[in-house]
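>>> Let me see the structure of the following:
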Amino acid sequence: MLTGATVLLSGIAHGYSGFGGALLMVPLLGLFLSPVEAVAVTNVAAVFGQLSVARQAVRNAVWAECLPFIVAIAVAMPLGVMVLVKSEAELLRRIVGASTLTAATILGLGWTYKGARTVLTSGFFGGLCGFLAGATGQGGPPAVVYFMAAPVEARQQRGSLIAAITGMVFVTLAFLAVGGALSRHSLLLGCLVGLPYIVAVRTGNRLFEILPKQNYRRATLLLLFAAGLAALFR
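All right, here's what the predicted structure looks like:
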């Protein structure tokens, strides 16, 4: 029941904002699964969620920035997965909690990247995204910070963000499998929660159309802080 509630809450947040599902799901699932299982289950479920939103959105992506970003994700990912597999569960849980609180703080303060936008900067943020995704399952914040600061229309920002996160999800899943972090149990559980996750994501999309975005954003940030604190002080 707790797993189901976590999946629904994460999916609604993801569908509403275009990101944030893993930020909620990993620390909350980590309260009753091991950190490795929480990351694996989240990424399997995320495949279902991303496919439900990516088909239309990626047409608006700025691929000159997205491609080096995704390549850098793949380059940095093995190091992150190594940290995930080799680290002690309690240490990794605290890392997840700290990264969740950091992400919530950055998003809450509204900080965005305002520097040059070159292949190197795309690669830097993509590498950071890949490492965090492999180690904690939460690689989204660097992508949000980078792409939401792009001097383009909102639909292109969202398209680039969804394209980058979709690439991250598939790369993460592949490296989790190669690194031995994707067990049969995690794969099955991820598939089971993936279907309701699609429903939750679509519900979030619908809520985006009818609810004030600012109020929901505040509620999501409060949930992020609560999830991070729970993971840190469990």
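
>>> C-alpha only now, for contacts and for neighbours.
Fine.

>>> Can you pull the poorly scored residue ranges out of the chain?
For the chain, applying pLDDT under 70 flags the ranges 1-3, 17-20, 89, 93, 112, 212-217, 219-220, 223-224, 231, 234.

>>> quick check: longest helix of it.
helix 184-210 (DSSP state H).

>>> What residues sit buried inside it?
186-187, 189-191, 193-194, 196-205, 207-208 (16 or more other Cα atoms under 10 Å).

>>> what's the offset of it from the middle of its chain?
13 Å (Cα atoms, centre = their mean, to the nearest Å).

>>> Stretch 128-145 now?
7 Å.

>>> Could you do stretch 73-84 as well?
15 Å.

>>> Residues touching that stretch, excluding its own?
For stretch 73-84, contacts defined as Cα atoms under 8 Å, 6 or more residues apart in numbering pick out 36, 92, 123, 126-136, 168, 171-172, 175-176, 179.

>>> Which of these fall in helices?
Using DSSP H, the contacts of stretch 73-84 in helices are 36, 92, 123, 126-136, 168, 171-172, 175-176.

>>> so where does residue 84 fall, helix or strand?
helix 63-86 (DSSP states H and E).

>>> Give me the buried positions along that helix.
By 16+ other Cα under 10 Å, the buried positions in helix 63-86 come out as 63, 65-74, 76-78, 80-85.

>>> hang on, the earlier thing: when you filter the contacts of stretch 73-84 down to buried only, what's left?
36, 92, 123, 126-136, 168, 171-172, 175-176.

>>> Make sure residue 68 is actually in contact with residue 121.
No - the pair residue 68 / residue 121 is not scored as a contact, 9.1 Å apart, by Cα atoms under 8 Å.

>>> the inter-axis angle of the helix or strand that residue 40 is a member of versus helix 63-86?
Residue 40 belongs to helix 35-57 when elements are defined using DSSP H and E. Put simply, helix 35-57 runs at 170 degrees to helix 63-86, going by axes from the mean of the first three to the mean of the last three Cα atoms, to 10 degrees.
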